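Peer 1: need a structure here:
(chains A and B)
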2 protein chains.
Amino acid sequence: MPRTSALILYGATDIGANSFSSDLLWRTGFRAPDPFYLIEMGGRTTLLVSDLELERAKKEAAVDRVVAWRKYHKPGIKTTLDAVGIYLEKCGVKDLRMPSQLPYSVVAKLKSHFRAEIIPGDVYPERIVKTAREIAQIREGQAAVEHAMHLVRRILARSRIRKSRLYLGGRVLSSEFLRESIQADLYRLGWLALGTIVAGGKHAADPHCEGTGPLRSATPIVIDVFPLSVRSHYYADCTRTFYKGGPDARQRAMYETVRQAQELALSQIRGGVDGYDIQQSVAKFFHQRGYPTRRGRSTEGFIHGVGHGVGLDIHEAPRIGGVHVKLPVGSVVTVEPGLYYQKASAKIPSGGVRIEDMVMVTATGYRNLCSLPKDLSWAVL
Amino acid sequence: MPRTSALILYGATDIGANSFSSDLLWRTGFRAPDPFYLIEMGGRTTLLVSDLELERAKKEAAVDRVVAWRKYHKPGIKTTLDAVGIYLEKCGVKDLRMPSQLPYSVVAKLKSHFRAEIIPGDVYPERIVKTAREIAQIREGQAAVEHAMHLVRRILARSRIRKSRLYLGGRVLSSEFLRESIQADLYRLGWLALGTIVAGGKHAADPHCEGTGPLRSATPIVIDVFPLSVRSHYYADCTRTFYKGGPDARQRAMYETVRQAQELALSQIRGGVDGYDIQQSVAKFFHQRGYPTRRGRSTEGFIHGVGHGVGLDIHEAPRIGGVHVKLPVGSVVTVEPGLYYQKASAKIPSGGVRIEDMVMVTATGYRNLCSLPKDLSWAVL
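Peer 2: Take a look at the predicted model:
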């Protein structure tokens, strides 16, 4: 970039903050509850912050320079953004590159003072390829998830069936109890699991239903855990489907079909492959096996993408779904086909099955970051 | 709004999600990891979601109608936003109201199809006045915070001083240990405390420094806890400053000055008062008592606002600071003056002191939601 050209980012970086920007967190490593600005110019990064954050930003932010925007709050200057504009003018900026995800108000104001270039896609496309440090963070999360999945298996193994309900130590075993057990286990390991899916029976037929109430025997129990690191904000993501008692022939067939679909998808993962092709081949496989996808009044069958990238966001590039996207070497993606049916038919049971691994894409294939088994004998407790 | 006019919102609502929108969560109560759209038209609310979220949204979202955007993904339609545009056209929408916080890309595309009105300020200004249900949520958080503050006092009381360092059960008592104790206590109560400030000595001189390393005697220890409910996403916020051993005369004077400044601020809280006036009176009070505020190479003194609104966001309207803002009856605000000095001088010790209550604004004054004492005798352990 020439000296008169700059890139500007805006957002907050604390977990749960309004206007949370993973791009800003990725670029600066600085955590703050309120929005701040990052300027990139001539290869140097400058953070513009409030007085409140000034001293901390100097110590904690991975940037070349930290400036208090108050310094440019000259008389007549009303808003923080106006002060930032004055700073940019003082730096000689003429052309300003802005991500299309910035708030409209920020772009509209800056556009009236600078020659604006809106960046249509990702600001930092290089985020898609993970560094060794990032892989290590994600692996740490995966290890925590597997720890929790083993806990789930121990709890289900120890539970007893009475009139098709599960009991643990004489008490009803509920989705809520199992979710709490998983999340508390992860919390102790420094990972924040929220909205963990523990969906049994009909709840399992809805991919994002968290699940509530007593768990039952001989129905699929979908466990989807996707914690983020309290420290680094990196995510991990993993799903397994378990049964306590049963499953019957229809359920076994559906589980096996999903497992094979996942293997089919995995077998196609390698650097440069088009995610769209994987999505199509899985959809075709399910169709050929007699598991239709319907999208009418109620949606059922294979109703979501095969997978998504994982990093500072739980769902990030590259997506493996209905859009043409090539998977770069070094990206981390989930591979998680699933089938969902609200109502049973002659061949298909009601409920849902999903099996999800997280893998790192390599030139010739992938490295599976998940070491959990997925054969049915492991999944039945 | 006439039938041809609509409001559109866009964002995600899970904790930690990119593009998190508290407005969307407030209006719909629906939690989702990926962005979705809300349309308000003719007094009716419609959610536009992916197939993946369709069935769950029908059950969980507090809206009149849920529509899968895929339904409008006609041939030639490439993006979700294009499909949403087709839906709006089908509904006969001509005028589209859009919050200025929407991503630029969303507004720019919709502007080319509809007469656009950009809402400059808050989309839902009524969020500032809390309902009884919201107050109950915030009070629940405050109770959890007070539980944790009592735990802090018990730990500090039980600790021992050796060569000016604090020890608990023979081990060094660190900021990290105390923070983990607080956060684990809150987690058990269903509240997610992240970045809890446990800042002793020089760390306390930086308002947002989390604090690290061994805690010491006879220096201020600032504890600022601001958890959010895992269930409701409402926040609570509270700060106290403690001493183990000491404090000396300068520290006592600084603590007393902050305590009096907080009382001064509280005494001015009532419906309709201008937050700017409170900020000015606190700044004047500190100055008159001989605690200067400097904003040069390093910032010190009273370097942040007196307070801020609390709700689904940790920092929301109304702010009590350098801008003219009237406090409405029924709003919930923090009142938290503080003083911060990196270096000691003849009269002023190094370190920081902050005392923060959360109050509900009433017509004649306020109701303090915090029941913790703040006299120095309570704060010295």
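
Peer 1: what's the neighbour count on residue A:104?
Peer 2: A count of nearby residues for residue A:104, using other Cβ atoms under 10 Å in any protein chain shown, gives 21. Any C-beta I mention is one placed from the backbone N, CA and C, and that applies to glycine too.

Peer 1: no wait, residue A:150
Peer 2: Other residues within reach of residue A:150, judged by other Cβ under 10 Å, total 12.

Peer 1: what distance separates the helix or strand harbouring it from the centre of its chain?
Peer 2: Assigning secondary structure by DSSP states H and E places residue A:150 in helix A:132-158. Taking Cα atoms, centre = their mean, to the nearest Å, the mean C-alpha location of helix A:132-158 is offset from the chain mean by 16 Å.

Peer 1: Now do that helix: which elements does it pack against?
Peer 2: Here helix A:132-158 touches strand A:165-168, helix A:175-188, strand A:191-192, strand A:221-225, strand A:228-229, strand A:238-242, strand A:332-335, strand A:357-361, going by 3 or more Cβ pairs under 8 Å, 6 or more residues apart in numbering or on different chains; DSSP states H and E.

Peer 1: Return the set of buried residues in the longest one.
Peer 2: Under the neighbour-count criterion of 16 or more other Cβ atoms under 10 Å in any protein chain shown, helix A:175-188 has A:175, A:177, A:178, A:179, A:181, A:182, A:183, A:185, A:186, A:187 buried.

Peer 1: need those in CSV with pLDDT and distance to residue B:193, can you?
Peer 2: Below are the buried residues of helix A:175-188 laid out as CSV (pLDDT from 0 to 100; distance: Cβ to Cβ, whole Å):
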residue, pLDDT, distance to residue B:193
A:175, 97, 25
A:177, 96, 23
A:178, 97, 24
A:179, 96, 20
A:181, 96, 21
A:182, 97, 20
A:183, 95, 15
A:185, 94, 19
A:186, 96, 16
A:187, 93, 11
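
Peer 1: how far away is the closest residue to residue A:199 other than its chain neighbours from residue A:38?
Peer 2: In space, and not counting its chain neighbours, residue A:199 is closest to residue A:211: 3.5 Å by Cβ to Cβ, 6 or more residues apart in numbering or on different chains. Remark: distance between residue A:211 and residue A:38 (Cβ to Cβ, to the nearest Å) = 40 Å.

Peer 1: ok, which residues in the stretch 1-150 of chain A are in contact with chain B?
Peer 2: Residues of the stretch 1-150 of chain A lying close to chain B (Cβ under 8 Å from any Cβ of the partner chain) are A:14-22, A:31-34, A:50-56, A:68, A:70, A:98, A:100-108, A:118, A:120.

Peer 1: same thing but at 7 Å, please
Peer 2: A:14-18, A:20, A:22, A:31, A:33-34, A:51-56, A:70, A:100-105, A:107, A:118 (Cβ under 7 Å from any Cβ of the partner chain).

Peer 1: now the stretch 151-300 of chain A
Peer 2: Going by Cβ under 7 Å from any Cβ, the residues of the stretch 151-300 of chain A near chain B are A:187, A:194, A:195, A:206, A:207, A:208, A:209, A:228, A:230, A:295, A:298, A:299.

Peer 1: OK, contacts around the first one?
Peer 2: Residues in contact with residue A:187, defined by Cβ atoms under 7 Å, 6 or more residues apart in numbering or on different chains, are residue B:187.

Peer 1: Recalculate using a threshold of 10 Å.
Peer 2: Applying Cβ atoms under 10 Å, 6 or more residues apart in numbering or on different chains, one finds that residue A:187 lies in contact with A:144, A:193, A:227, A:230, B:183, B:184, B:187, B:188, B:192.

Peer 1: now the second one
Peer 2: By Cβ under 10 Å, 6+ apart, residue A:194 lies in contact with A:15-16, A:179, A:183, A:186, A:210, A:226-228, B:14-16, B:31, B:33, B:192, B:230-231.

Peer 1: try the last one
Peer 2: Residues counted as contacts of residue A:299 (Cβ under 10 Å, 6+ apart) are A:206-207, A:293, A:340, A:342, B:50-55, B:68, B:70.

Peer 1: Residue A:359 contacts residue A:266, doesn't it?
Peer 2: Yes - with contact defined as Cβ atoms under 10 Å, residue A:359 counts as touching residue A:266 (7.1 Å).

Peer 1: Which neighbours do the two have in common?
Peer 2: Common neighbours of residue A:359 and residue A:266, using Cβ under 10 Å, 6+ apart, are A:307, A:335, A:365, A:366, A:368.

Peer 1: Of the residues you listed - the most surrounded one?
Peer 2: Within the shared contacts of residue A:359 and residue A:266, residue A:307 tops the neighbour count with 30 neighbours, counted by other Cβ under 10 Å.

Peer 1: Was I right to think it contacts residue A:316?
Peer 2: No - using Cβ under 10 Å, residue A:307 makes no contact with residue A:316, being 11.4 Å away.

Peer 1: shared neighbours, those two?
Peer 2: Contact criterion Cβ under 10 Å, 6+ apart; residues shared by residue A:307 and residue A:316: residue A:333.

Peer 1: Double-check that residue A:40 belongs to a helix.
Peer 2: No - counting by DSSP: H, G, I helix; E, B strand; the rest coil, residue A:40 is not part of a helix but strand.

Peer 1: how many other residues sit next to it?
Peer 2: Residues near residue A:40, counting by other Cβ under 10 Å, number 19.

Peer 1: returning to that earlier point: give me the distance between the residue nearest to residue A:199 and chain B.
Peer 2: For residue A:211, the distance to chain B equals 11 Å [Cβ to the nearest Cβ, to the nearest Å].

Peer 1: Could you pull up the contacting residues of that residue?
Peer 2: Residue A:211 makes contact with A:174-176, A:178-179, A:196-204, A:221-224, according to Cβ under 10 Å, 6+ apart.

Peer 1: ok, 8 Å please
Peer 2: Counting by Cβ atoms under 8 Å, 6 or more residues apart in numbering or on different chains, residue A:211 makes contact with A:175, A:179, A:197, A:198, A:199, A:200, A:203, A:204, A:222.
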